[in-house]
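Colleague: curious how this folds, go ahead:
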Amino acid sequence: MRVVHVPEESVFVGREDELGKLRRRLSEVGQGTARTVLVGGEPGVGKSRLLGKFALQARDSGAHVLSGSCEEHFGDPMPYGPLLEALETFGREHGEVRAAELGGPAYGKLKAFFDLGSDSMRAPQQVFLAVRRMLDEIGKNATVVLIVEDLHWADPSTLDLVRHLAQAHPDGRRLLLVGTYRANLRRGDPLWHLFAGTTFLRRTERFELPAFNLEEMRSLVAAGSPGRVDPRLVERCLRWSDGIPFYAEQLMATGALAGRDEDVELPSNIRSVMLARLSGLGEDALKVLRVAAVAGRAMSRRLLRTVSGLPIETLRDALQECFDQQMLVAGQDEDVYRFRHALLREAVYHETVRDTRVDLHVAMAEALAADPRLCLTESSIVAEQASHWYQAGSWPQALRYAVQAGQIAARTLAFPSAEVQFGRALRLWQQVDDPEAQAGMTRSQLLAETAEAGRWSGHIDQALELIQEAIDAPDHGGRPGRLGELHERRATYLGEAGRRAEAGGVFREAAMLLDDSPSSAVKARVLAGIALAHLQAGQYQEGRRTAEEALVMATEVEADAEVGRALNVSGLALGMLGDPEGEARLRRSIDIARSVNHIEDLFRAYGNLGLVLEHAGRLRESAEVTMDGLDEARRLDLASTRQGTILANNSSAALVLLGEWDDAEGIITEVTRDRLPAESLYPRLTLADIKVARGAFPQARELLASIENVEHGKDPRFLGPLHAIRAELAIGEGDLSRAADEVARGVAAVRHGENTLELLRLCAVGLRCAADRASTDPKGAATVGDQLARLAWDARQRPSTTEIDQLVELCKAERQRIRGADTAVGWKRVASGWAELDRPYPAAYAHWQQAVAAVAAGDRSDAREPARNAYLAAKTLGAGPLRERVRALASKIGLDLAERPVPAKRPYNLTPAEFQTLRLRYDGNDTTRIANARGVAHRTVEKQLGRVYLKLGVHSAVEAVALARREGMFD
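Modeller: The predicted structure follows:
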């Protein structure tokens, strides 16, 4: 963790909805109807920042802005304090002469009223009338915004003025009155009484600013932290600040979050703010808060009652005081009390004398041991005792309970909690006599469990350090079985860290350690790891053979989890070789992983099944399977792990091919933002693919550059797309020489492997590049084209699929284009083939080439339909470069591509593809013509129409078109 710089000029994060609401009210006021808006929220949540931003925008729009703040006071407040401040700032802004002109006689009368000795207005009603007249006078020149901040501190006169202005008749007045107040007003506060008035409620609008969510907190942290944002820092900042921006900025600026995850060093100014809130509490309430602070951020009501030592009536009154002062809160019918702010608990805890804290921790640990019903939840009893013994400095008990709490947390997949508990146990190891007896395990075992918890918490580098320390520890006795198991874990972590070549070597090292050992579950896992390394290098046959060995061994030793893993890896090998048995094995591995509760194998099986389905051209099924896995990862709060990232990428890769680029980009962004390049290699490549197709070339270059120096391994599924995308980028930028070089490097990397698809995709890009340069270098283009065409034809001789055949057809068409012999009929055949495979982008490209070929043959009329189809598909996809090429062609042949404007927000939550399909149906196209126009399969159109009918609440195309006509969707 590092100190994050907070800019002197506070950044504006989030609050766009609230800012938009204020702008809309300002617009209404400009039409001659006064409005009053009151903005509430916790201290530090950003009320002043919101109004500061709004005031700037209001001034920019030409409005006059007057503002003043109510001040916290300790004696008699000054009447109308905010009004005086507003008058002074207005005078300074415009100069007294101009201010007097704008405000009219009432302005001078109010200025005189505030001069010492003036008695020009003796009754409050006169002040109210003067203020109204001044504001109305200013409003003749421009809309007026009057801001009054911190109404919770307002004097009675100011509150009466606010009531008067808000309840005055709004018509014909160009005044927007905006006030701020602290949320959770106590009954009896003057402002509470104001809000209780029915007329006031009817004439005002109120909303409260919520605390920041995780995404908003990330934006705040990123504003002061150039480069990559550590997601752990964002999460800690959100947890400790409770989403309050002021607290978050102070914590970051002072480096208060730089310690261990469970610790925070309170900045002095926050400590002062928190302790100041305690000044009005009685002694009994303070004692209750101290006991509660020792219990933790949350505490059981029963535990608080047992340990406090206060009589029941005294405790009840003290608790009520803590609740009235918003120190403690509780949900409805909850048996748990919580501090309203984590930092308040921290301040109270550290202001409590050390001896008192220790005594209370011991008392709580003993009370929990005597009566488990005193714990927060049924599963928290051990974790609570571990915390109390640790804070009390009772190291033997603290070690024992920390290990137990960590194991319980790991079993329930609460890996961050497990990591904290195991880390605490490791720190205590040297503080305890005979730690193995207390922990119930060796230190190397504890290190391994800590590494596993860290791995699932997203700390893969830390996990690698810990597992290496476990390997080096002497207490495993050098047993080959144990060492082999530790090496297997290290190899797995290395693979997840992107160090695949090293991972394969460690798997083989583990196999050597186990070479003389009998068959075992560990040995089967190691064999499965070696098989996976073969597959990742594109060696599918070798991977299949080794995976079969693992399956035989796992079956022999009756190790169910290892049988599932071997089925997983062998299923991937068979699937990549085109054997349908691969899918069956992968589905069985999912069932086994779920039955033995092995989340690593479960996520891996989902990802591999999606990969095999994608390889077989079953894209929709691939996307659905991997989304199922990703949803399960989200449910378990593990979507940001390495396995979650793989699922996200596999799902996104299928969606990219299906043309659902927005969804793909959203998924990638969700799980990979702020991850290191080595941990997000494939997602970055997938995202670069989208950016190239959309013409966002600078962003694509940045993404490709970020993985330039990262270990790529030998996986053809990475190397093929890497060079193909680089070549596509070069084509888009007009550098055909660079594109040809990239294709050549890609072909060299994959041609001797077993992945025909990636080789053919590279050949197709290379032939396109050659065809593009044929006009300037016909001989060189023909030579390269012939070489690539022969390579593609040779590749086709291997076991073929529909997609392989389609790629060969594309290569044929591009080769004909090199020679100037391509035809509209040939490109139409290519477009139809891609449509049948649900590939809208290559289908649109083929339609464009079909139109170009028709024009070259002198058949301009035959070019119109494919050109329009290509344009509609490119526009729906957001494929800017292709869309512009079609536009250029359309201008040559006099084709009008003008369309009806698309609403900024699509109705009924329709996706872009669904909206486009509905529009084509509205225009009278049947499903076949829609499929051709969109470059998708006929069945895809039918599915999309089914989803459209469901969202619209209709049952047929006739009803859907009628509804669209009634609501003017396409007017």
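
Colleague: okay, which residue is most central for the protein?
Modeller: residue 670 (3.5 Å; C-alpha atoms, centre = their mean).

Colleague: residue 633 is in contact with that residue, correct?
Modeller: No - taking contacts as C-beta atoms under 8 Å, residue 670 lies outside contact range of residue 633: 11.0 Å. C-betas here are computed from N, CA, C, even on glycine.

Colleague: for those two, list the residues in contact with both.
Modeller: residue 639 (C-beta atoms under 8 Å, 6 or more residues apart in numbering).

Colleague: so who does the closest residue to residue 35 other than its chain neighbours touch?
Modeller: Leaving aside its chain neighbours, residue 35 sits nearest to residue 25 (4.7 Å; criterion: C-beta to C-beta, 6 or more residues apart in numbering). Applying C-beta under 8 Å, 6+ apart, we find residue 25 in contact with 35, 37, 176, 205.

Colleague: what helix or strand is residue 25 on?
Modeller: helix 16-30 (DSSP states H and E).

Colleague: may I see the buried residues of that helix?
Modeller: Across helix 16-30, burial judged by 16 or more other C-beta atoms under 10 Å covers 18, 19, 21, 22, 25, 26, 28, 29, 30.

Colleague: just the closest of those to residue 805, please.
Modeller: Distances from residue 805 to those, taken as C-beta to C-beta, are shortest for residue 19 (55.3 Å).

Colleague: surely the closest one meets residue 54?
Modeller: Yes - Residue 19 lies in contact with residue 54 (C-beta under 8 Å); the separation is 6.0 Å.

Colleague: ok so, going back, distance between the helix or strand hosting the residue nearest to the centre of the chain and the chain's centre?
Modeller: Applying DSSP H and E as the criterion places residue 670 in helix 661-672. For helix 661-672, the separation from the chain centroid amounts to 9 Å (computed by C-alpha atoms, centre = their mean, to the nearest Å).

Colleague: counting contacts, what elements does the next helix or strand along the chain from it pack onto?
Modeller: With elements assigned by DSSP H and E, the helix or strand that comes after helix 661-672 is helix 681-694. Judged by 3 or more C-beta pairs under 8 Å, 6 or more residues apart in numbering; DSSP states H and E, the packing partners of helix 681-694 are helix 642-657, helix 661-672, helix 697-706, helix 716-732, helix 880-893.

Colleague: list the buried residues in the third one.
Modeller: Looking back up the chat, that one is helix 697-706. The neighbour-count check on helix 697-706 (16+ other C-beta under 10 Å) flags 700, 701, 703, 704 as buried.

Colleague: just stretch 760-773 next, same as before
Modeller: By neighbour count on 16+ other C-beta under 10 Å, the buried set for stretch 760-773 is 760-773.

Colleague: equivalent analysis for stretch 657-665, please.
Modeller: For stretch 657-665, by 16+ other C-beta under 10 Å, it's 657, 658, 659, 660, 661, 663, 664, 665.

Colleague: do stretch 492-512 as well
Modeller: Residues of stretch 492-512 classed as buried: 492-500, 503-504, 506-511 (neighbour count, 16+ other C-beta under 10 Å).

Colleague: now stretch 782-797
Modeller: For stretch 782-797, a neighbour-count test (16+ other C-beta under 10 Å) marks 784, 785, 787, 788, 789, 791, 792, 795, 796 as buried.

Colleague: got it, and stretch 575-593?
Modeller: Of all the residues in stretch 575-593, those buried under the rule 16+ other C-beta under 10 Å are 575-579, 582-583, 585-586, 588-590, 592-593.

Colleague: in strands, which of the residues you listed appear?
Modeller: Among these, none falls in strands (DSSP state E).

Colleague: of these, closest to residue 373?
Modeller: Using C-beta to C-beta, those come closest to residue 373 at residue 593, 36.1 Å.

Colleague: the closest one touches residue 601, doesn't it?
Modeller: Yes - taking C-beta under 8 Å as the definition, residue 593 is a contact partner of residue 601 at 4.0 Å.

Colleague: joint contacts of these two?
Modeller: Here residue 593 and residue 601 have 561, 564, 568 as joint contacts, going by C-beta under 8 Å, 6+ apart.

Colleague: please tabulate the residues you listed in a markdown table, including the columns distance to residue 532.
Modeller: Below are the shared contacts of residue 593 and residue 601 laid out as a markdown table (distance: C-beta to C-beta, whole Å):
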| residue | distance to residue 532 |
| --- | --- |
| 561 | 16 |
| 564 | 14 |
| 568 | 9 |
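
Colleague: just to revisit the earlier point, just the closest of the buried residues of stretch 782-797 to residue 609, please.
Modeller: Nearest to residue 609 among those: residue 795, at 25.3 Å, using C-beta to C-beta.

Colleague: thought the closest one was touching residue 760?
Modeller: Yes - with contact defined as C-beta under 8 Å, residue 795 reaches residue 760; the gap is 5.6 Å.

Colleague: so what sits against both of those two?
Modeller: In contact with both residue 795 and residue 760: residue 804, using C-beta under 8 Å, 6+ apart.

Colleague: so where's the stretch 751-900 of the chain shaky on pLDDT?
Modeller: Scanning the stretch 751-900 of the chain for pLDDT under 70 picks out 797-799, 899-900.

Colleague: repeat the analysis, applying 80 as the threshold.
Modeller: For the stretch 751-900 of the chain, the stretches with pLDDT under 80 are 795-800, 898-900.

Colleague: how about the helices in it?
Modeller: 756-773, 778-796, 802-818, 824-836, 840-856, 860-877, 880-893 (DSSP state H, counting those that start in this stretch).

Colleague: tell me which of those sits nearest to residue 683.
Modeller: Residue 683 lies closest, by C-beta to C-beta, to one member of the helices of the stretch 751-900 of the chain: helix 756-773, at 17.9 Å.

Colleague: so what does the closest one touch, helix or strand wise?
Modeller: helix 716-732, helix 736-750, helix 778-796, helix 802-818.

Colleague: what angle separates the third one from helix 736-750?
Modeller: On the basis of axes from the mean of the first three to the mean of the last three C-alpha atoms, to 10 degrees, helix 778-796 is oriented at 20 degrees to helix 736-750.

Colleague: give me the contacts around helix 778-796.
Modeller: Residues from elsewhere that reach helix 778-796 (C-beta under 8 Å, 6+ apart): 740, 743, 747, 751, 756, 759-760, 763-764, 766-767, 770-771, 773-774, 804-805, 807-808, 811-812, 814-815, 818-819.

Colleague: hmm, try it at 6 Å
Modeller: By C-beta atoms under 6 Å, 6 or more residues apart in numbering, the surrounding residues in contact with helix 778-796 are 756, 759-760, 763, 766-767, 770, 773-774, 808, 811, 815, 818.
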